[in-house]
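Undergrad: 3D, please:
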Amino acid sequence: MKTLRLMIAASGLALLLPLAAAAQTADELGAMTPEERREYMQGLSDEERAALREERRARWDAMSDEERAEARAQRKERRDANRAAMRDKWDSMSEEEREAVRAERRARKEQRRETWNNMSDEEKAAARQKMRDRRDGRRDRRHKGRDPQE
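TA: Alright, predicted model coming up:
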């Protein structure tokens with residue numbers, strides 16, 4: 001009986017360990033560079049990313065209106081700083097480097113177009129529905145708690 005309890009406890013901890021690791025690193029994400037953050041997020045499983053999203057959502061929902069306003073102001077400042085840094089980087093590039101970036105963007109766009117053109121009608125319909133669902137989910141979160149009559 002004791003062995004059985006130990007096995008159950010060990011398997012329960014093994015299942016919770018990835019979630020605990022994701023929760024611990026959620027606070028550390030802000031300290032990472034964008035490249036480190038991107039690499040870290042790509043290394044997570046779908047379940048770990050979902051747990052991280054839920055944790056952030058729960059944190060946001062637990063904030064007061066004043067805390068949310070402060071968080072929005074900080075996000076705006078970071079966005080403005082990032083845009084300025086991107087503009088400075090673009091301005092410091094040679095024309096050849098800019099053309100290489102443009103060519104890379106065109107290639108990615110063409111790849112997306114080719115993927116779309118190779119999809120069946122059913123796959124296209126599913127992709128459209130997925131985009132609608134994502135859009136509606138963002139809208140619902142944005143308007144959460146508002147009076148629909150407004």
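Undergrad: quick check: the closest residue in space to residue 93 that isn't next to it in sequence vs residue 133, distance?
TA: Leaving aside its sequence neighbours, residue 93 sits nearest to residue 101 (CB to CB, 6 or more residues apart in numbering; 7.3 Å). All C-beta atoms are positioned from the backbone trio N, CA, C, and that covers glycine. Using CB to CB, to the nearest Å, residue 101 is found at 32 Å from residue 133.
Undergrad: when those two are compared, which one has more neighbours?
TA: Shown here are residue 101 and residue 133; by other CB atoms under 10 Å, residue 101 has more neighbours (13 against 10).
Undergrad: the more buried one is in contact with residue 94, isn't it?
TA: No: if you go by CB atoms under 8 Å, residue 101 and residue 94 don't touch, sitting 10.9 Å apart.
Undergrad: now name the helix or strand holding the most centrally placed residue in the chain.
TA: By CA atoms, centre = their mean, the chain has its centre lying nearest to residue 53, at 7.5 Å. Assigned by DSSP states H and E, residue 53 belongs to helix 46-62.
Undergrad: for stretch 143-150, give the mean pLDDT please.
TA: Per-residue pLDDT values over stretch 143-150 give a mean of 61.
Undergrad: ah, wrong one, I meant stretch 118-137
TA: Mean predicted confidence for stretch 118-137 is 93.
Undergrad: quick one: distance of that stretch to the chain centre.
TA: Offset of stretch 118-137 from its chain centre (CA atoms, centre = their mean, to the nearest Å): 19 Å.
Undergrad: then stretch 64-74?
TA: Centre to centre, stretch against its chain (CA atoms, centre = their mean), the figure for stretch 64-74 is 20 Å.
Undergrad: where does this structure have low pLDDT?
TA: For the chain, applying pLDDT under 70 flags the ranges 1-27, 144-150.
Undergrad: all helices of it, in order?
TA: 2-28, 34-43, 46-62, 65-92, 95-117, 121-142 (DSSP state H).
Undergrad: with respect to burial, which of those scores highest?
TA: Of all these, helix 46-62 carries the top mean neighbour count, a mean of 13, counting by mean count of other CB atoms under 10 Å.
Undergrad: just the angle for that helix relative to helix 34-43, thanks.
TA: 120 degrees (axes from the mean of the first three to the mean of the last three CA atoms, to 10 degrees).
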